[in-house]
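Novice: The following block contains a protein sequence and its predicted model.
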Amino acid sequence: MFTAPMELTLTAAERADLERVVRATTTPAGIVRRARCVLLLADGHSYSAVCATLGVTDRFVARWKRRFVNGGVLALADDARAGRQDHRLSPAVEARILRITRDEPPPTPLTHWTSRRLAARVGVSNWTVLQVWRRAGLKPHRLERYVTTTDPEFEAKAADIIALYLEPPEHAVVLCVDEKTAIQALDRVDPVLPLSPGRAERHGFEYYRHGTLSLYAALEVATGRVAGMPTARHTSADFLAFMDQVVAGYRRRQELHVILDNLSAHKTKAVRAWQATHPHVHFHFTPTYSSWLNQVELWFAKIERDVIARGIFTSVPDLRKKLRQYITLHNKTAQPFHWIYDNPKRRVRAIRNSLSVH
């Protein structure tokens with residue numbers, strides 16, 4: 001091993017670059033070691049001293065000294081690795097992938113392109129197709145459904161309801177009312193296997209069906225509080241019984257604006273007669289196929305997730321009890337949904353609790 005000092009002169013710029021490489025927290029450890037090796041040699045240390053300090057061999061010191069002398073600081077980087085080089089996809093091929101994905105249907109009777117089908121069609125790899133789709137935001141495997149309203153008065157009705165949300169009448173209460181029908185009281189045949197590390201909670205496939213209930217709910221827009229009534233059916237008489245319960249919770253003659261959908265049970269002669277005896281209660285009907293305008297649908301989605309979807313109910317009375325318990329629990333921390341309507345071309349969306357309506 002060489003022991004004599006090695007003469008290596010650095011310019012001020014080279015020393016500054018090497019010190020910057022050593023100090024940087026993102027520099028790989030191997031490159032830091034090479035930079036320190038050069039700095040030690042430039043400070044007059046011998047090969048043996050450098051080897052002892054860095055824990056390297058004299059061949060290491062000689063190699064990186066020579067590399068630095070010939071190529072400067074940039075020569076301390078790793079050499080390019082052997083193997084297949086990255087070939088960028090040509091714009092023409094990427095455009096072809098996008099055009100086929102959107103405009104050219106797959107062979108009959110297939111309904112949509114998969115990445116492997118399209119890769120075989122274009123003559124590229126499956127990964128290439130996936131990358132192109134990702135950059136373009138295309139997801140051919142996804143399908144969403146929508147319903148187009150046929151109500152010729154959609155804009156007027158929607159504007160009426162949105163105005164109630166954004167600028168409700170002074171001293172009035174705005175309520176969103178609807179019923180969630182056919183809630184099943186399902187009991188599992190097999191025991192539930194609990195959650196454990198690496199394994200989700202598991203329910204048996206078979207179940208007992210004890211019966212069903214409907215749930216009437218009235219969401220108070222200003223507070224988010226909910227009044228509910230489970231019933232065996234959802235007839236006009238049940239609806240009016242629920243409305244009597246709702247009205248009884250407010251001051252006598254308190255102005256109430258109630259947002260409803262177009263269910264026939266909401267428009268019977270009995271309902272019109274009830275309205276005549278309650279002139280302080282005003283009904284506002286959502287446009288056809290526009291239940292997304294009714295905020296209570298957001299709350300129905302919450303109770304579905306929190307109670308119904310994974311619930312185990314030993315009887316219809318058990319289902320009724322748990323629905324009432326959830327309403328009580330919800331009202332302890334209820335908060336209103338805050339709505340934004342900043343562009344007439346966009347539908348209303350709720351921003352509280354990550355819930356949205358589209």
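Specialist: Cool, got the structure. Residues are numbered from 1 along each chain as shown.
Novice: hey, let's count contacts and neighbours off CA atoms from now on
Specialist: Will do.
Novice: Any idea how far the lengthiest helix in the chain is from the middle of the chain?
Specialist: The longest helix of the chain (DSSP state H) is helix 316-332. Offset of helix 316-332 from its chain centre (CA atoms, centre = their mean, to the nearest Å): 28 Å.
Novice: same check, this time on stretch 141-157
Specialist: Counting by CA atoms, centre = their mean, stretch 141-157 comes out at 22 Å from the chain centroid.
Novice: what do you get for stretch 129-149?
Specialist: Per CA atoms, centre = their mean, the centroid offset for stretch 129-149 relative to its chain is 15 Å.
Novice: Stretch 196-216 too?
Specialist: 24 Å.
Novice: who touches it?
Specialist: Residues from elsewhere that reach stretch 196-216 (CA atoms under 8 Å, 6 or more residues apart in numbering): 177-195, 228-234, 239, 242, 314-316, 320.
Novice: Also stretch 264-279?
Specialist: By CA under 8 Å, 6+ apart, the surrounding residues in contact with stretch 264-279 are 234-237, 239-240, 260, 281-282.
Novice: and the residue nearest to Arg36 when sequence neighbours are not counted, what helix or strand is that in?
Specialist: Setting aside the residues directly before and after it, Arg36 is nearest to Val22 in space (CA to CA, 6 or more residues apart in numbering), at 6.9 Å. If you go by DSSP states H and E, Val22 is part of helix 12-23.
Novice: Same question for Arg117.
Specialist: helix 115-122.
Novice: Summarise which helices and strands that helix is packed against.
Specialist: helix 91-103, helix 126-136 (3 or more CA pairs under 8 Å, 6 or more residues apart in numbering; DSSP states H and E).
Novice: Figure out which of those is closest to Ala120.
Specialist: Smallest distance to Ala120 across the helices and strands packed on helix 115-122 (CA to CA): 8.1 Å, for helix 126-136.
Novice: the strands in the stretch 101-250 of the chain, which residues?
Specialist: For the stretch 101-250 of the chain, the strands defined by DSSP state E, counting those that start in this stretch cover 173-188, 207-220, 226-231.
Novice: mind listing what's buried in the second one?
Specialist: Under the neighbour-count criterion of 16 or more other CA atoms under 10 Å, strand 207-220 has 211-220 buried.
Novice: now do the first one
Specialist: Of all the residues in strand 173-188, those buried under the rule 16+ other CA under 10 Å are 173-181, 183-188.
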